[in-house]
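Undergrad: Prediction below, plus the sequence it came from.
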Amino acid sequence: MKTFAVIDTETNWNDEAMSIGLVIAQADSLEIITSKYYIISPEYVVGGMYSSSLRTPIDFKCETLELDRKATIDDLTRCLKENNTSKIFAYNAAFDYRHLPELKDFEWFDITRVAAYRQYNKKIGDAECNSTGRLKRNYSVASIKKMLTGLEGEQHCAIHDAMDELNYIIKPLCVNIDNYPPYEQKAASAPRKTRKAKRIKDSFALTTCNQNDIQRIENPIRLDLIGSIYDLKKNKNNYLLLERFPARGSLDFVKVTEYENNNVSVYLKFKYNNQLLTIRKKMPCNSELVFFLLDFEKGDYSTENFSIVN
C-alpha cells in the first residue's frame, strides 16, 4: 500500500519548531491511516505567535506527545517508516524543510506548487497570475482552503493545519499524489565579490505602542515584526509603525492598529497629485500581515482592496 505524509510545523520566537502535526494517508484513497501531534519541550515554553493555539482541543482521534526534540524526531521517523512512508507533503515546504533538517533524506513535496497554480487548481479562474501560472497573491492556506471549499480560517495548530491541508486542499484539488512536483531546495548563490549587497532593512525603523509603552527599533528583523504583531492582540489601541528611510517614491510608512476579532486596520499614506491620501484595509492578524510587512520592506507590496479614508 502506497502512503504519504502531510506535515505542518509551528515555531517559537526563536524560530525553532515548537510543535509538529503529522498525518499519514493512503496514496490512492487519501484516507487517513494515522495521525500524531508533537509538542516539543522546552521549545514551546519560549512562546510564539500562535502559542495560544498550541493546545487547541483536538476533535478527532489523534495521539498527542510532549517530548524533547530528539525524541520527537525519533518517534516521527519511526512512525513514517512503520507505515512505509517516504513522501512528505507540506504547504510552503521550504519552511517545514528548513525547520526539520533531520528529515532531509525523505522525499519532500510542496503542496503550494499545485494549489497556487492555474494549471492544477481550476478554482483560480481569472485571478491574477504570473506567467508561470502561479497566483500573484492570496495563496495562503486559509485563502486556498476558502477557494476550494468555501470554508473559512486557519487554526495555526500544527495538527489541525496538517489535517486541513489534506482534507481541504489536497483532496478537493483531485490531483494524483504522483503528479506533485518534488520540492527542490534552492542552492545558496555565491556572494558577489565586486559589489556589496545593499541590506534593504537597514533603511527601516519599527515603532510599537504596547499599552502606552512606546518603543523604537532600528533595522528590525523578522522576529521583531512577528513580536510587534503579537502585541497588537493585547489592546485595541496598540499599534505598529514601520517606516522607510529615505522614503521610496511617495510612500514611506505603514501603520497597523485597531485589533478586533483577529483583524486589524492597515493604513498607508502617500502623495497623489500633490495631495496626501490615506488608504486603509482590514487584514487578518496572522501570517498574511507578516508577509505584507515583509513585502513592504522589499517594495513589492499590493494596494489591492485598499480604500481611501480621507
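TA: Structure's in. What do you need?
Undergrad: alpha carbons only for contacts and neighbour counts from here, please
TA: Will do.
Undergrad: For Ile33, give me its contacts.
TA: 23-26 (Cα atoms under 8 Å, 6 or more residues apart in numbering).
Undergrad: which stretches of the stretch 151-300 of the chain have low pLDDT?
TA: Along the stretch 151-300 of the chain, the parts satisfying pLDDT under 70 run over 186-203, 211-212, 246-252, 270-276.
Undergrad: what ranges do the strands span in it?
TA: With strands called from DSSP state E, counting those that start in this stretch, the stretch 151-300 of the chain shows them at 204-210, 213-218, 239-248, 251-260, 263-272, 275-284.
Undergrad: So for Glu184, which of the ones you listed sits nearest?
TA: strand 275-284 (30.4 Å; Cα to Cα).
Undergrad: Adjacent strands (with direction) for the closest one?
TA: Strand 275-284 has the following strand partners under DSSP bridges: strand 263-272 (antiparallel), strand 307-308 (antiparallel).
Undergrad: Could you pull up the mean pLDDT of the longest helix along the chain?
TA: Looking across the chain with DSSP state H, the single longest helix is helix 69-82. Taken as a whole, helix 69-82 has a mean pLDDT of 97.
Undergrad: and whatever helix or strand comes next after it, what other elements does it pack with?
TA: With elements assigned by DSSP states H and E, the helix or strand that comes after helix 69-82 is strand 87-90. Packing contacts for strand 87-90, counted by 3 or more Cα pairs under 8 Å, 6 or more residues apart in numbering; DSSP states H and E, involve strand 3-11, strand 107-110.
Undergrad: Quick check: can you name the pairing partners of the next helix or strand after the longest one and their directions?
TA: Right, the one you point to is strand 3-11. Later in the chain than strand 3-11, the nearest helix or strand by DSSP H and E is strand 17-26. Paired strands of strand 17-26, with direction, are strand 3-11 (antiparallel), strand 32-40 (antiparallel) (DSSP bridges).
Undergrad: looking at those strands, which is closest to Arg134?
TA: Arg134 lies closest to strand 3-11 among the strands paired with strand 17-26, at 21.8 Å (Cα to Cα).
Undergrad: ok, residues contacting the closest one?
TA: Against strand 3-11 from outside (Cα under 8 Å, 6+ apart): 17-27, 48, 50, 80, 83-91, 96, 99, 156-159, 161-163, 165-166.
Undergrad: likewise stretch 165-173?
TA: So stretch 165-173 is contacted by 6, 30, 90-91, 111, 115, 120-121, 141, 144-145, 148-149 (Cα under 8 Å, 6+ apart).
Undergrad: ok, Ala17 - contacts?
TA: The neighbours of Ala17, taking Cα under 8 Å, 6+ apart as the test, are 9-11, 40, 43, 99-100.
Undergrad: what two of these are the furthest from one another?
TA: Across the contacts of Ala17, the longest distance by Cα to Cα is 13.7 Å; it joins Glu43 and Leu100.
Undergrad: more neighbours, these two?
TA: Glu43 (20 against 15; other Cα atoms under 10 Å).
Undergrad: wait, doesn't that one sit right on Trp13?
TA: No: contact criterion Cα atoms under 8 Å: Glu43 and Trp13 do not qualify, at 9.3 Å.
Undergrad: Distance-wise, check Ser52 relative to Glu288.
TA: 18 Å (Cα to Cα, to the nearest Å).
Undergrad: on that earlier part again, export the contacts of Ile33 to a markdown table and append columns for neighbour count and pLDDT.
TA: Formatted as a markdown table, those follow (neighbours: other Cα atoms under 10 Å; pLDDT from 0 to 100):
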| residue | neighbour count | pLDDT |
| --- | --- | --- |
| Val23 | 25 | 98 |
| Ile24 | 28 | 97 |
| Ala25 | 20 | 97 |
| Gln26 | 18 | 97 |
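Undergrad: With respect to Glu63, which of those is nearest?
TA: Val23 (10.8 Å).
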